[in-house]
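*Asks:* sequence first, then the predicted structure, then my questions.
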Amino acid sequence: MNSKQTNLLNFYKKNNNDIATSSVSESVDDIIEPPAKKKKGTFVRNYNDDYIKYGFICFSSGSNDIPKPQCVLCSVILSNEAMKPAKLIRHLESKHKEFNNKPTDFFIRKGKELTAQKKVMSTISKVNYSLVKASYLVAFRIAK
C-alpha cells in the first residue's frame, strides 16, 4: 500500500470512530426514522367535451369511477393522466393518421356507434342467474 491509501484508511477509521461516539449521544429514534416524504395528492382530470374533436369520449364504469378517455376509433381506454389535449392529439396522430383531418361530426358519429355497440354487448352477455342456479341444482341431484 502506498501512503495515499494508508492515509485514506486512517481517515475512514477516524470518521467511523467519530460517528460511533457521536451516535451514542443521539437518541435511537432519530437514527431509525427516515425523514417524512411528501405524498403527492391524486389529481383527477375531468373530461372536457372538446376532446371529441381528438376522437375521445368519456369512459367510466361506475358512478364513483374516475373518468378516462376512450378512443372512438380503436376503443382503447387511456389513463386519467393521459386526459390532456397534447396526449390525445399524439394518440390520434400516431395511431390513426388517416383520420387526423376528419371533422368533429365524424368522431361524434363514431362515439355514438361505440356506445351503441357497448349496449348491444351488455344485453347479449347478461347472465340469467336463476337459470344458472337451476342448472347447478340439477347437476347436484344427478351427482347424488
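*Replies:* Nice, thanks for sending it over.
*Asks:* please list all residues in contact with the most centrally placed residue in the chain.
*Replies:* Computing the C-alpha centroid of the chain and ranking residues by Cα atoms, centre = their mean puts residue 79 first, at 5.3 Å. Residue 79 sits next to residue 68 when contact means Cβ atoms under 8 Å, 6 or more residues apart in numbering. (Glycine included, C-beta is placed from N, CA and C.)
*Asks:* got a pLDDT number for it?
*Replies:* The model reports residue 79 with a pLDDT of 92.
*Asks:* and what of the one 3 residues further on?
*Replies:* Here, the pLDDT recorded for residue 82 equals 92.
*Asks:* what's the burial count for the residue nearest to it when sequence neighbours are not counted?
*Replies:* Nearest non-adjacent residue to residue 82, counting by Cβ to Cβ, 6 or more residues apart in numbering: residue 69, 6.5 Å away. Neighbours of residue 69 under the rule other Cβ atoms under 10 Å: 26.
*Asks:* what's the offset of the helix or strand that residue 69 is a member of from the middle of its chain?
*Replies:* Residue 69 is part of strand 68-71 when elements are defined by DSSP states H and E. In terms of Cα atoms, centre = their mean, to the nearest Å, the centre of strand 68-71 is set 13 Å apart from its chain centre.
*Asks:* counting contacts, what elements does it pack onto?
*Replies:* strand 56-59, helix 85-95 (3 or more Cβ pairs under 8 Å, 6 or more residues apart in numbering; DSSP states H and E).
*Asks:* please redo it, this time with the cut-off set to 6 Å
*Replies:* Applying 3 or more Cβ pairs under 6 Å, 6 or more residues apart in numbering; DSSP states H and E, we find strand 68-71 packed against strand 56-59.
*Asks:* lowest mean pLDDT among the helices and strands, pick that one out for the protein.
*Replies:* Lowest mean confidence among the helices and strands of the chain (mean pLDDT, DSSP states H and E): helix 28-32, at a mean of 54.
*Asks:* thinking residue 47 is in contact with residue 67, fair?
*Replies:* Yes: at 4.8 Å, residue 47 counts as touching residue 67 under the criterion of Cβ atoms under 6 Å.
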